[in-house]
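Enquirer: Take a look and give me a structure for this.
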Amino acid sequence: MREFISVEEARNIVLEQVTPLPVERVPLAEALGRRLAEAVVSRDDIPPFPNAAMDGYAVRLADVQQVPATLRVVADVGAGQLPPESIPPGACIRIMTGAPVPAWAEAVVPVEWTEAGANGTVRILQAPAANENIRPAGQDVRAGERFFEVGQRITPPAVAMLATLGVAEVPVFRRPRVAIVATGDELIDAGQPLTPGHIRDSAGPGLAAQARWLGAEVIGPQRVPDDRAALEQAVEQALEADVLVFSGGVSVGLYDLVRQVLDGRGTRWLFWKIRQRPGKPMAFGLLAGKPVFGLPGNPVSSALCFDQYVAPALRRMQGQQEVLRPRFSAVLEAPTPKKAGLHFYTRGVARPGSDGRLLVRDTGPQGSNLYHSMVRANCLIHLPEALEEAPAGLEVEIEWLPWTLEP
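Expert: Numbers count the residues shown, from 1 in each chain. Reported below is the predicted structural model:
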């Protein structure tokens, strides 16, 4: 087992151990937010036939070379109706947006370019160009076109396009099942009054929420006291999941029993401790071939380790190609604490400056027990381990926290 490794080494070790989960097919109505497991090729031209782009009149160009021109209206055609296959010279049809344009029609004259005539006629006041206001077949997608790629996220527009392409059942990667286990005698339910020596459990609900945000199914969260028998039972239940996440109990303290129980189960630990703040005492290994994350007990440390290590693993398991969030340059508005030798994940608030550059400041005290530093943040400020101090004016990298980008 490797100890006290860099952020990059830790992330690489985690990602080397995870692969996309098996494929399942779900109804289109249940596919939102999932990742495609197969490329989607269009079977049809979209639209499948030429159709009117505007309400108006389908005409031959020879009949409207000289305007104004009076034409006889021989049919009305709406969307979903079929037009006549032929009409006599000097005639036209009234056509609605989306209705099929017949082969003989060479343009659609918008209704705004016309005025009603007598005895079922219409006066054309302006001549159209060839194919004007006609949407050709295949204008959107051509038959045989590879439209969606493996790993693409199914967004609301993608749902609409999949429906257009006739995909009623969507091949997606299975959602990962994540077991969340929060440990400690000091933890009580959110609804209980505080008593001496106890704190309300925030790690369990918070980590479960982070997992669900990423599309995972959550087993638990379980809250387990520092009791070997209870932990043994929790581990047994957690093995039903694809990923096991423990909060607390993975250090070397007298009551840090999670590590001992997992060792007894045959866990193969790949690393322990990362050169970062917060979240240094994190552990990662494999139990029965399943990733096991031992996160620190402090709530901010736990949440950040989940965000930086568990979340990329869950993205990969769901078929996402790029599992790390992009980073952006920003300038520190004020100095923020930094210690050399550790990668600092400083919770920050970024905003655009008057010159177009991003400005960022920390959210205040950055203790790993101070959850307000997460709630008030819209980004993480990355301060690499080689950096000795972080003065005002320093150019840094930030990544937006995903939940701050949603409405």
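
Enquirer: hmm, who's touching the lowest-mean-pLDDT helix or strand in the chain?
Expert: Here the helix or strand of the chain ranked lowest by mean pLDDT, DSSP states H and E is strand 187-188, holding a mean of 82. Residues outside strand 187-188 that contact it (Cβ atoms under 8 Å, 6 or more residues apart in numbering): Leu194, Thr195, His198, Ile199, Arg200, Asp201, Ala203, Gly204, Arg223. The C-beta positions use only the backbone N, C-alpha and C, and glycine is treated the same way.

Enquirer: dump the residue contacts of the fourth one.
Expert: Contacts here follow Cβ under 8 Å, 6+ apart; on that basis Ile199 touches Glu186, Leu187, Ile188.

Enquirer: confidence score at it?
Expert: Listed pLDDT for Ile199 reads 85.

Enquirer: Quick check: Val170 vs Leu32, distance?
Expert: Separation of Val170 from Leu32 (Cβ to Cβ, to the nearest Å): 10 Å.

Enquirer: So which of those two has more stuff around it?
Expert: Neighbour totals were compared for Val170 and Leu32, and Val170 leads with 24 against 15 (other Cβ atoms under 10 Å).

Enquirer: Name the nearest residue to that one, ignoring sequence neighbours.
Expert: Ala31 (4.1 Å; Cβ to Cβ, 6 or more residues apart in numbering).

Enquirer: Would you check that that neighbour makes contact with Val159?
Expert: Yes: with contact defined as Cβ atoms under 8 Å, Ala31 counts as touching Val159 (6.6 Å).

Enquirer: on that earlier part again, note down every partner strand of the next helix or strand after the least confident helix or strand of the chain and its orientation.
Expert: Sequence-wise, the next helix or strand downstream of strand 187-188 (DSSP states H and E) is strand 199-200. Note on strand 199-200: by DSSP bridges, its sheet partners are strand 187-188 (parallel).

Enquirer: Centre of the chain to the partner strand, how far?
Expert: 32 Å (Cα atoms, centre = their mean, to the nearest Å).

Enquirer: cool, and stretch 306-319?
Expert: 12 Å.

Enquirer: Stretch 93-108 now?
Expert: Using Cα atoms, centre = their mean, the offset of stretch 93-108 from its chain centre is 41 Å.

Enquirer: Same question for stretch 168-180.
Expert: Distance, centroid of stretch 168-180 to centroid of chain: 14 Å (Cα atoms, centre = their mean).

Enquirer: That stretch - what's its average pLDDT?
Expert: Mean pLDDT, computed over stretch 168-180, is 98.

Enquirer: how long is it end to end?
Expert: Its start and end residues considered, stretch 168-180 measures 34 Å (Cα to Cα, to the nearest Å).

Enquirer: Over to stretch 354-367?
Expert: 31 Å.

Enquirer: For it, could you pull out the residues that count as buried?
Expert: Residues of stretch 354-367 classed as buried: Leu358, Leu359, Val360, Arg361, Asp362, Thr363, Gln366 (neighbour count, 16 or more other Cβ atoms under 10 Å).

Enquirer: hmm, which two among the residues you listed are most spread apart?
Expert: Spatially, the most separated pair among those is Leu358 and Gln366, at 19.7 Å (Cβ to Cβ).
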